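>>> quick one, what's the 3D model for this:
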Amino acid sequence: MQDWFIVAIRTLVAIVVLFIMTKLLGKRQVSQLSLFEYITGITVGSLAAYIPLEVDGTWYLGVVSLCVWVLVSLAIEYFQLKSRRFRGIMDGVARVVIKDGKILEDNLKKERMTADELLELLRSKNVFRTADVEFAIMEPSGELNVLVTKENLPLTPKNLGIKVAPEQEPQTVIMDGEIMDEPLSTIGFNRGWLAVELEKQGVALENVFLGQVDSYGQLYVDLFDDQLKVPQPQEKALLLATLKKCEADLEMFSLSTKDKDGKKLYEECSKQLESVIKDVKPLLSR
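As a prediction, the model looks like this:
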């Protein structure tokens with residue numbers, strides 16, 4: 001039998017065995033690796049490369065060694081799940097390196113990390129002053145997690161007491177100048193509606209590279225010609241402005257009329273409309 005054919009068969013066997021072993025080890029093998037998992041990944045790859053290229057009759061020993069490595073790795077993962085102490089021995093423990101803006105030099109030395117390396121990791125988290133850090137911890141995976149002081153936290157709608165409507169996945173209704181009927185029907189629209197929306201924006205279907213409809217029924221398009229600019233949909237902004245104008249008109253009517261019953265009616269309608277605007281504003285402000 002030709003050597004090239006033998007190598008080809010053994011390579012296929014190695015690929016199948018390596019795939020099965022990798023599936024057994026789980027997804028952590030390709031994400032955040034511990035020290036032992038890192039060593040296991042290198043060793044398993046080396047053993048898999050050994051199997052097809054070993055010209056002697058002992059090539060199957062590579063498969064045996066590969067299976068032993070995987071079984072040991074599975075056993076270690078099992079004991080890690082069962083014992084926190086064993087997990088600490090294998091993966092290490094998290095260490096606080098900054099607390100209340102002060103660098104803990106002793107813990108930094110235990111992590112074998114210099115001040116320059118710590119500052120580099122902080123900059124990767126968009127933190128440029130250690131005084132702005134409330135708490136920084138070095139995880140066993142080697143990642144630095146940082147909690148900045150409250151006054152340096154970014155503002156969110158929740159901090160301001162603003163309710164924001166939940167965002168749903170946009171549907172792609174046009175791709176490469178072709179209409180995608182299934183996503184279009186999923187959101188309850190048809191080709192006629194899409195044609196009207198494209199006409200509003202003054203865009204021809206064949207010029208659209210990508211078209212998406214958000215959860216509020218607004219169409220956003222990206223054209224093949226990047227030099228052309230398409231105005232953003234303004235339906236929600238116009239609706240919100242119209243509601244505010246109606247509220248202002250009602251208030252003006254209540255001030256201008258001399259009829260007591262009419263004044264009271266205008267004021268009540270104005271307050272009701274103000275409540276409606278407050279409820280729908282999160283939906284119309286996105």
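
>>> and stretch 109-118, how far out from the chain's middle?
29 Å (Cα atoms, centre = their mean, to the nearest Å).

>>> what's next to it, contact-wise?
95, 97, 98, 103, 108, 138, 144 (Cβ atoms under 8 Å, 6 or more residues apart in numbering). Bear in mind the C-beta positions are built from the backbone N, C-alpha and C, glycine included.

>>> give me the pLDDT for the last one.
If I follow you right, that is residue 144. pLDDT recorded at residue 144 is 90.

>>> next, count neighbours for it.
20 (other Cβ atoms under 10 Å).

>>> phi, psi of the nearest residue to it once chain neighbours are set aside?
Among residues not flanking residue 144 along the chain, residue 121 sits closest, at 4.2 Å (Cβ to Cβ, 6 or more residues apart in numbering). Main-chain torsions, residue 121, degrees, to the nearest 10: phi -70, psi -40.

>>> can you count the residues close to residue 121?
19.

>>> got the confidence number for it?
Reported pLDDT for residue 121: 91.

>>> any idea which residue sits dead centre in this structure?
The centre of the chain sits closest to residue 169, judged by Cα atoms, centre = their mean, with a distance of 12.8 Å.

>>> and that residue, how far from residue 222?
The gap separating residue 169 from residue 222 is 17 Å, by Cβ to Cβ, to the nearest Å.

>>> domain ranges for the protein, per the record?
3-89, 95-152, 171-233, 236-284 (automatic domain parsing).

>>> quick one: average pLDDT of the longest one?
The average pLDDT within domain 3-89 is 69.

>>> ok, back up a step: now the contacts of stretch 109-118 in CSV, with secondary structure and distance to residue 84?
Listed next are the contacts of stretch 109-118 as CSV, based on DSSP: H, G, I helix; E, B strand; the rest coil; distance: Cβ to Cβ, whole Å:
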residue, secondary structure, distance to residue 84
95, strand, 16
97, strand, 22
98, strand, 25
103, strand, 28
108, helix, 25
138, strand, 19
144, strand, 23
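
>>> compute the number of surrounding residues for residue 72.
Neighbours around residue 72, by other Cβ under 10 Å: 12.

>>> ah, wrong one, I meant residue 96
The number of residues packed near residue 96 is 11, by other Cβ under 10 Å.

>>> ok, and what's touching the helix or strand harbouring it?
Element membership for residue 96 (DSSP states H and E) is strand 95-99. Here strand 95-99 makes contact (Cβ under 8 Å, 6+ apart) with 103-104, 107-108, 110-111, 113, 118, 130, 133-138, 144, 146.

>>> helices along the protein, start to end?
Assigned by DSSP state H, the chain shows helices spanning 3-25, 35-53, 60-82, 84-91, 105-110, 115-124, 181-186, 191-201, 235-256, 260-284.

>>> what score does the closest residue to residue 149 other than its chain neighbours have for pLDDT?
Excluding the flanking residues, the one nearest residue 149 by Cβ to Cβ, 6+ apart is residue 134, at 4.8 Å. What the model reports as pLDDT for residue 134 is 92.

>>> do you know how far residue 134 is from residue 94?
16 Å.

>>> now residue 40
Taking Cβ to Cβ, one finds residue 40 at 22 Å from residue 94.

>>> swap in residue 87?
Residue 87 is 12 Å from residue 94, by Cβ to Cβ.

>>> which one of these two has more residues nearby?
Set residue 87 next to residue 94 and count neighbours by other Cβ under 10 Å: residue 87 wins out with 18 against 14.

>>> for burial, what's the neighbour tally of the nearest residue to that one once chain neighbours are set aside?
Spatial nearest neighbour of residue 87, chain neighbours left out: residue 80 (4.4 Å); criterion: Cβ to Cβ, 6+ apart. As a burial measure, residue 80 scores 17 neighbours (other Cβ under 10 Å).

>>> residue 80 contacts residue 92, doesn't it?
No: with contact defined as Cβ atoms under 8 Å, residue 80 does not reach residue 92; the gap is 11.8 Å.

>>> what's around the nearest residue to residue 168 once chain neighbours are set aside, how many residues?
In this structure, residue 168 finds its nearest non-sequential neighbour in residue 215, 3.7 Å apart by Cβ to Cβ, 6+ apart. Residue 215 is flanked by 15 other residues according to other Cβ under 10 Å.
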